[in-house]
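J.: Predicted coordinates and the sequence they were generated for:
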Amino acid sequence: MKIILYILLICCLNLTIISCNKKDEQEHRHQLSFENMLQDIPTSPQNVTLLGRSDGKGVDLVITGDGFKLDQIGTFHTAAQNFVNFMFDYSDNISKHKSGWNVHRLDAISNTDCIDNVRSENSACFRESAYGSYYRCGSSKRGLCADGNLVMNKVSSVFPQYDQILVIVNSTKYGGTTLTGFTTSSMAKQSFFIALHELGHSFAGLGDEYEYGTCNNSTEPSAPNVTINTDNSTVKWKHWFDDPNVGMFEGGKRCPTGVWRPTETSFMRKNGEPFYPVNQEAWSMAVYAALTTTYYSKTPSSENVSHSQGSTLNYSIELAMDNSSQQVDWYVDNVSTQVNSTSFTCCDDKTANYIVSAKIWDNTGTIRKDNSTSSSTINWSVNLE
């Protein structure tokens with residue numbers, strides 16, 4: 001009997017030890033899991049490139065935030081990445097030139113997240129937020145402003161190569177606007193549409209196509225998508241009249257009459273609507289204007305080259321974007337020799353000096369009225385030895 005009791009006692013002790021070991025192991029795993037969670041929580045600002053390159057070549061969009069405290073910075077990170085995904089999924093036009101874009105995320109830590117009120121009602125808030133954002137700037141209830149000096153100084157100190165700046169403000173109240181040098185957008189349900197519309201202003205130079213607000217229809221607008229000209233033979237978008245969506249629709253630039261727009265609706269008139277051709281063209285041309293070039297390098301680098309008769313030379317182009325949006329066609333003495341290739345080898349059959357040309361152009365179909373921003377020609381004068 002004693003032996004049986006002794007055996008039972010030993011078994012109980014072993015089970016207790018095993019149970020303790022399992023408990024210790026579980027607690028250890030929980031501790032590791034908690035430590036991993038802590039590692040995922042940013043403890044200091046992080047400035048990263050979300051898309052593209054960081055050497056200043058390309059269209060550089062910097063996304064920064066206001067009203068995000070340190071423990072909320074993960075919310076800003078998610079919002080910034082979601083906007084990038086939204087922007088390039090929104091329109092084929094934007095995605096076709098995606099390789100020309102660089103998107104950077106710049107953290108700005110605020111001591112407050114109270115952004116919702118107008119500036120006169122939240123003076124303590126705007127002094128404690130990174131960029132002093134506030135609502136109802138100007139005459140619009142949805143006007144969402146920030147301190148331009150704070151924004152520009154912060155961005156230029158980290159990403160001096162910026163072309164566009166988007167400030168995402170930590171508020172669910174509808175709002176956003178275009179200011180000198182940057183654009184703002186709230187975290188409202190329609191926030192991504194707001195941001196894209198505002199970039200239509202600041203990046204592509206597009207005008208509002210809706211009919212409410214302060215109207216001025218006395219002079220021709222500089223924006224490519226609104227006009228006071230009703231002559232179909234000279235109107236800005238006459239080269240798009242063969243598109244079934246394009247015509248003359250009265251109402252635009254905040255005027256119900258006296259101003260015309262090219263399509264019945266678009267993303268510059270109503271959230272969620274397509275770009276349509278005229279606005280697509282303006283956006284595409286703005287990409288090339290920001291790039292300031294159609295290519296980054298050429299080989300040979302000199303425009304005057306030579307080779308022995310019977311041998312060849314290799315030519316190549318480093319495009320500003322990939323060949324899903326740009327095309328290089330090759331000519332020898334103005335005769336088409338090879339199409340849609342970034343490299344070319346020529347010419348062992350020549351018996352006299354000749355000229356090699358590389359013609360670069362945008363092949364997306366979104367640009368019809370080219371002002372030589374989206375196209376260029378490189379010539380090499382070849383001397384036979």
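T.: Cool, got the structure.
J.: CA only for contacts and neighbour counts going forward, please
T.: Will do.
J.: what ranges do the helices span in the stretch 151-300 of the chain?
T.: Counting by DSSP state H, counting those that start in this stretch, the stretch 151-300 of the chain has these helices, from start to end: 191-202, 277-291.
J.: Any chance you could list what contacts the last one?
T.: Outside helix 277-291, the residues within contact range by C-alpha atoms under 8 Å, 6 or more residues apart in numbering are 57-59, 93-94, 97, 100, 163, 200, 203-206, 224-225, 237, 240, 243, 246, 262, 294, 320, 366-368, 373-374.
J.: from the chain's centre, how far out does that helix sit?
T.: Mean C-alpha position of helix 277-291 versus that of the full chain (C-alpha atoms, centre = their mean, to the nearest Å) differs by 12 Å.
J.: Just the CA trace of that helix, in PDB.
T.: As requested, the backbone C-alpha atoms of helix 277-291 are provided in PDB (Å, rounded to 0.1, in the frame of the first residue of the first chain):
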ATOM      1  CA  PRO A 277      -9.300  62.400 -71.700                       C
ATOM      2  CA  VAL A 278      -8.700  66.100 -71.200                       C
ATOM      3  CA  ASN A 279      -7.800  65.700 -67.500                       C
ATOM      4  CA  GLN A 280      -5.800  62.600 -68.200                       C
ATOM      5  CA  GLU A 281      -3.700  64.500 -70.700                       C
ATOM      6  CA  ALA A 282      -3.100  67.300 -68.300                       C
ATOM      7  CA  TRP A 283      -2.000  64.800 -65.600                       C
ATOM      8  CA  SER A 284       0.300  63.000 -68.000                       C
ATOM      9  CA  MET A 285       1.900  66.200 -69.200                       C
ATOM     10  CA  ALA A 286       2.400  67.200 -65.600                       C
ATOM     11  CA  VAL A 287       4.400  64.000 -65.000                       C
ATOM     12  CA  TYR A 288       6.800  64.900 -67.800                       C
ATOM     13  CA  ALA A 289       7.000  68.500 -66.700                       C
ATOM     14  CA  ALA A 290       8.100  67.300 -63.200                       C
ATOM     15  CA  LEU A 291      10.600  64.800 -64.700                       C
END
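J.: how about it: buried residues?
T.: 277-291 (16 or more other C-alpha atoms under 10 Å).
J.: Could you chop this structure up by domain?
T.: By the assignment in automatic domain parsing, the chain contains the domains 47-202, 207-292, 295-384.
J.: can you redo these as a markdown table with mean pLDDT?
T.: Formatted as a markdown table, the entries for those read as follows, by pLDDT from 0 to 100:
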| stretch | mean pLDDT |
| --- | --- |
| domain 47-202 | 90 |
| domain 207-292 | 96 |
| domain 295-384 | 96 |
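J.: separation between the closest residue to residue 364 other than its chain neighbours and residue 300?
T.: When the adjacent residues along the chain are set aside, residue 364 lies closest to residue 325, with 5.4 Å between them (C-alpha to C-alpha, 6 or more residues apart in numbering). With distances defined as C-alpha to C-alpha, to the nearest Å, the gap from residue 325 to residue 300 amounts to 23 Å.
J.: ditto for residue 208
T.: Here residue 208 is placed at a distance of 46 Å from residue 300 (C-alpha to C-alpha).
J.: One more: residue 82?
T.: Taking C-alpha to C-alpha as the measure, residue 82 and residue 300 are separated by 42 Å.
J.: what about the residue minimising distance to the centre of the chain, helix or strand, and which?
T.: Using C-alpha atoms, centre = their mean, the residue of the chain that lies closest to the mean C-alpha position is residue 61, 5.3 Å off. When secondary structure is defined using DSSP states H and E, the element that contains residue 61 is strand 59-66.
J.: now for that strand, which elements pack on it?
T.: helix 73-90, strand 101-106, strand 164-169, helix 277-291 (3 or more C-alpha pairs under 8 Å, 6 or more residues apart in numbering; DSSP states H and E).
J.: List the contacts of it.
T.: Taking contacts as C-alpha under 8 Å, 6+ apart, the residues outside strand 59-66 that touch it are 76, 80, 100-110, 129-133, 155, 159, 161-170, 287, 290-291.
J.: Type out the PyMOL command that picks the buried ones from the residues you listed.
T.: To isolate the buried members of these in PyMOL, using 16+ other C-alpha under 10 Å:
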select buried, resi 76+80+100+101+102+103+104+105+106+107+108+109+110+129+130+131+132+133+155+159+161+162+163+164+165+166+167+168+169+170+287+290+291
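J.: sorry, back to before: which single one of the buried residues of helix 277-291 is nearest to residue 215?
T.: Distances from the buried residues of helix 277-291 to residue 215 were compared by C-alpha to C-alpha; the smallest belongs to residue 279, at 21.1 Å.
J.: for the residue nearest to residue 364, what are its contacts?
T.: If you count contacts by C-alpha under 8 Å, 6+ apart, residue 325 has them with 96-97, 362-364.
J.: and if you look at residue 196?
T.: Residues near residue 196 by C-alpha under 8 Å, 6+ apart: residue 87.
J.: Understood, closing this out.
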